[in-house]
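Chemist: Based on what follows, work out the 3D shape:
(chains A and B)
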Amino acid sequence: MNVRDAFFYALCALLLGLAVLTVAAGNLFRAALALLGVLLCTAVLFLLLQAEMAALAQVMVYIGGIMIFVLYAVLLTSELGGRMPAPSPVKMLLGVAVAAVALGFLAGLAQKTGAGAAAARARMHAESATKESAASSADAEAGVNIASLKTLGQKLLDPKGFLIPFELISVLLLAAMVGAIAVARQGGAGVRGGSEPGAAAISVKDQGGAGAAESRGAPP
Amino acid sequence: MGSLMTVLTNPWVIMAIKIGVGLGLVMGMVPMMVWMERKVSARFQLRRGPNRVGPFGLFQLIADSLKLLWKEDFLPRNTDRIIFLAAPIMAFLPGVLSFALIPIGVAGGNELLGPGGVMAVSYISMGLLVAMAVSSVAAYGIAFAGWASNNQYSLLGGIRSSAQLISYEIVMGMAVVSLLMMTGTLNLGEIVQQQQELLFGFIPSWNIIRQPLTFILFLVAAFAETNRAPFDLPEAEQELVGGYHTEYTGMRYAWFMNGEYAAMFTMCSILTTLFLGGWGFPGLGRLSGILHLVVLGQDIQWMLVGLITFGAFFTKVALLVFFFMWVRWTLPRFRWDQLMKLGWNVLIPLGLANIIGTALFLEYVASRFGFGG
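Modeler: Reported below is the predicted structural model:
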């Protein structure tokens, strides 16, 4: 086992541990932090696969964007040291079932691409042996990166490529956002349009009751 | 002597030296900027500022640092201990990390110092993207501090910070997109190199002249990302005591301050690199030509060129830092809803229009006249 493999296994162990923590942590903020760690580890995995673009996109989109949204929501709603109630057994079973289906699907995919991956692995090992000579020509490296970036961009905007899934995902995100706003509106009826976000949450926390939020909503 | 040279040319040793120099530069600039801020703010308020300790009050920085070091390290009760302790580090790291990517001068023919002739701690082909990725992590330190402090002022600061960063990062991303359409590369060294030509023979083709709107968008977003006034809502002392760092004392508080100044220095460096021609200035080619005639020995020539280019880069960064301070002590803070309106109703539509405008320009004007990127 060389250093690279050892690093890979250590990284995977960390990733899996953090993933378990994400669902097992009783505190919402800690769960979000663990998820942050999972995403970071995934970015490092992409780097190990020499997919720099994917790693950077992972950091920018998930860690720098989506996770800040998640954290924002957690900051608004959860209390320090507060513990979430344990989910009901039905929900737990449902969760396990969904996870099992996803795992099966991914395992099938891995099986299918296993042969290709083995070939890629062999190629990578050969490459890392001659890495020193490759790294010296920075221009060639830049050329490769730009080329892959260009093909990636063209694939994303190509109607025969990923254009339709790409656009569909944005609609999905929009739906999720509208749903989140609808849920939030139902809960916090007292939040006025112009008031600062968080003010209502704070006042609820202060006086410990939904009545506080209502009294805030009334005109002074 | 021979053995010393083999040690010094070992790539690991060179990397360690580069990291040391890069870190030392940022860390050395932080107290200088604190001193400068105090002097500048004093001048803006018709005061003299620190002038008792040392020449021009320069030793005031040492006194301040010592004071912060000796202060009691206070850990409030009922905090989330791990996150509370991690927050100052998280707030400090991104600013220092992204400085490593910035080309600060011409390294000359020495491949060991700078591959591709560019002086930078880490010169990689996707530099701009990495810098954006690293700076997008900056919100976490403040959010962590706000949540872990168990203080409602802190929490409000953390919430404000994350909302502000999300909004203005979109603006910054859009500015970068329209810049990239013109440069066609993510390599920071190449972006600087492209700006060294002259337009019409006398205007430096810096990106601030080629894309003024992009520069303004990026500049405003940079103010918001570094939490500098008029965007310093996360710590607004008149409203939130100290905002996210209310509960922090001594050195832990100092790390937040260090982080803010390091981030400002790095942001000014990025602005210089992307828009102000980086290390270059009109007449650099002529000057190095004269150097080749006057100074003997190629190593010394390259060393001089390296120093001059670094000096040019540093001067631009220092002027930008002064501009940041100028704005802070001139403009009042935005109100919360004004901040959000400016971001979402003004800057983001402007950014979109800028992207479309740049695309149209590149497609119909630049390609026809062989002008621009």
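
Chemist: For the stretch 1-150 of chain B, which residue gets nearest to chain A?
Modeler: Nearest residue of the stretch 1-150 of chain B to chain A, counting by Cβ to the nearest Cβ: B:Ser136, 2.5 Å away. Where C-beta positions appear, they are placed from N, C-alpha and C, glycine not excepted.

Chemist: Tell me the spatial nearest neighbour of that residue, not counting adjacent residues.
Modeler: In space, and not counting its chain neighbours, B:Ser136 is closest to A:Gly64: 2.5 Å by Cβ to Cβ, 6 or more residues apart in numbering or on different chains.

Chemist: ok, now which ones touch the one you found?
Modeler: Neighbour list for A:Gly64: B:133, B:136-137, B:139, B:169 [criterion: Cβ atoms under 8 Å, 6 or more residues apart in numbering or on different chains].

Chemist: worst-scoring helix or strand of chain B, pLDDT-wise?
Modeler: Every helix and strand of chain B was ranked by mean pLDDT, DSSP states H and E. The lowest is helix B:367-369, at a mean of 66.

Chemist: Show me the shaky parts of the chain.
Modeler: I went with chain A, as the question did not name one. Where chain A drops to pLDDT under 70, the residues are A:1, A:78-82, A:114-148, A:187-220.

Chemist: look at chain B instead
Modeler: The low-confidence ranges in chain B, as defined by pLDDT under 70, are B:1-2, B:108-117, B:200-201, B:236, B:295-296, B:367-373.

Chemist: can you pull out the strands in it?
Modeler: B:105-106, B:118-119, B:198-199, B:203-204 (DSSP state E).

Chemist: Tell me the secondary structure at the residue in chain A that chain B sits nearest to.
Modeler: Nearest residue of chain A to chain B (Cβ to the nearest Cβ) works out as A:Gly64 at 2.5 Å. Using DSSP: H, G, I helix; E, B strand; the rest coil, the structure places A:Gly64 in helix.

Chemist: quick one: it from B:Phe275, how far?
Modeler: 22 Å (Cβ to Cβ, to the nearest Å).

Chemist: same check, this time on A:Lys150
Modeler: For A:Lys150 relative to B:Phe275 (Cβ to Cβ), the value is 24 Å.

Chemist: Who has more neighbours out of the two?
Modeler: A side-by-side neighbour count of A:Lys150 and B:Phe275, using other Cβ atoms under 10 Å in any protein chain shown, places B:Phe275 first with 26 against 11.

Chemist: check contacts around that one.
Modeler: B:206-208, B:211, B:214-215, B:218.

Chemist: distance between the ends of stretch B:327-341?
Modeler: 20 Å (Cα to Cα, to the nearest Å).

Chemist: Phi and psi next, for the residue nearest to B:Met264 when sequence neighbours are not counted.
Modeler: Leaving out its chain neighbours, the residue that sits closest to B:Met264 by Cβ to Cβ, 6+ apart is B:Thr226, at 5.0 Å. Phi and psi for B:Thr226, reported as degrees, to the nearest 10, are phi -90, psi 10.

Chemist: Let me know whether B:Thr226 touches B:Glu260 as I believe.
Modeler: Yes: using Cβ atoms under 8 Å, B:Thr226 is in contact with B:Glu260, at 6.7 Å.

Chemist: burial measure for the closest residue to B:Met172 other than its chain neighbours, as a count.
Modeler: Of all residues beyond its chain neighbours, the one nearest B:Met172 is B:Ala221 (3.8 Å), with distances taken as Cβ to Cβ, 6+ apart. When neighbours are defined as other Cβ under 10 Å, B:Ala221 has 26 of them.

Chemist: give the contact list for B:Ala221.
Modeler: B:168-169, B:171-172, B:175, B:347.

Chemist: Can you add neighbour count and distance to B:Lys67 and give those residues back as CSV?
Modeler: Compiled in CSV, these are given as follows (neighbours: other Cβ atoms under 10 Å in any protein chain shown; distance: Cβ to Cβ, whole Å):
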residue, neighbour count, distance to B:Lys67
B:Tyr168, 24, 34
B:Glu169, 23, 35
B:Val171, 24, 38
B:Met172, 24, 36
B:Ala175, 28, 40
B:Leu347, 24, 40
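
Chemist: now, which of those sits nearest B:Thr185?
Modeler: The closest of those to B:Thr185 turns out to be B:Ala175 (Cβ to Cβ; 16.3 Å).

Chemist: Show me what from the stretch 251-373 of chain B comes close to chain A.
Modeler: B:336-337 (Cβ under 8 Å from any Cβ of the partner chain).

Chemist: Tell me the residue of the stretch 251-373 of chain B that sits nearest chain A?
Modeler: For the stretch 251-373 of chain B, Cβ to the nearest Cβ, closest residue to chain A: B:Trp336, 4.9 Å.

Chemist: how many other residues sit next to that residue?
Modeler: Neighbours around B:Trp336, by other Cβ under 10 Å: 20.

Chemist: Would you agree it is in contact with B:Phe231?
Modeler: No: taking contacts as Cβ under 8 Å, B:Trp336 lies outside contact range of B:Phe231: 11.0 Å.

Chemist: A:Ala55: what's its closest spatial neighbour, skipping adjacent residues?
Modeler: Nearest to A:Ala55 is A:Phe46, by Cβ to Cβ, 6+ apart, at 3.8 Å.

Chemist: The one you found is in what secondary structure piece?
Modeler: Per DSSP states H and E, A:Phe46 falls inside helix A:28-48.

Chemist: Next, count neighbours for residue 103.
Modeler: In the absence of a named chain, this looks at chain A. Neighbour tally, A:Leu103, other Cβ under 10 Å: 10.

Chemist: if you could check chain B rather than the one you did, that'd help
Modeler: 28.

Chemist: dump the residue contacts of it.
Modeler: Contact analysis of B:Pro103 by Cβ under 8 Å, 6+ apart lists B:118-120, B:123, B:127, B:188-189, B:192, B:273, B:278-279.

Chemist: let's go with 7 Å and repeat that
Modeler: Contacts for B:Pro103 were tallied using Cβ atoms under 7 Å, 6 or more residues apart in numbering or on different chains; they are B:118-120, B:123, B:188-189, B:192, B:273, B:278-279.

Chemist: Give me the buried subset of those.
Modeler: Among the contacts of B:Pro103, the ones that count as buried by 16 or more other Cβ atoms under 10 Å in any protein chain shown are B:118-120, B:123, B:188-189, B:192, B:273, B:278-279.

Chemist: first vs last residue of stretch B:237-249, how far apart are they?
Modeler: End-to-end distance of stretch B:237-249 (Cα to Cα): 16 Å.

Chemist: where do the helices sit along chain A?
Modeler: A:3-24, A:28-48, A:52-57, A:67-77, A:89-129, A:131-136, A:138-156, A:163-187, A:199-207, A:210-217 (DSSP state H).

Chemist: hang on, I meant the stretch 251-373 of chain B
Modeler: Residue ranges of the helices in the stretch 251-373 of chain B, as given by DSSP state H, counting those that start in this stretch, are B:284-294, B:298-328, B:336-341, B:348-360, B:367-369.

Chemist: Same list (those helices) but as a markdown table, adding distance to A:Ala180.
Modeler: Formatted as a markdown table, these follow (distance: least, Cβ to Cβ, whole Å):
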| stretch | distance to A:Ala180 |
| --- | --- |
| helix B:284-294 | 53 |
| helix B:298-328 | 35 |
| helix B:336-341 | 18 |
| helix B:348-360 | 20 |
| helix B:367-369 | 44 |
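
Chemist: Among the ones you listed, which comes closest to A:Thr77?
Modeler: helix B:336-341 (19.2 Å).
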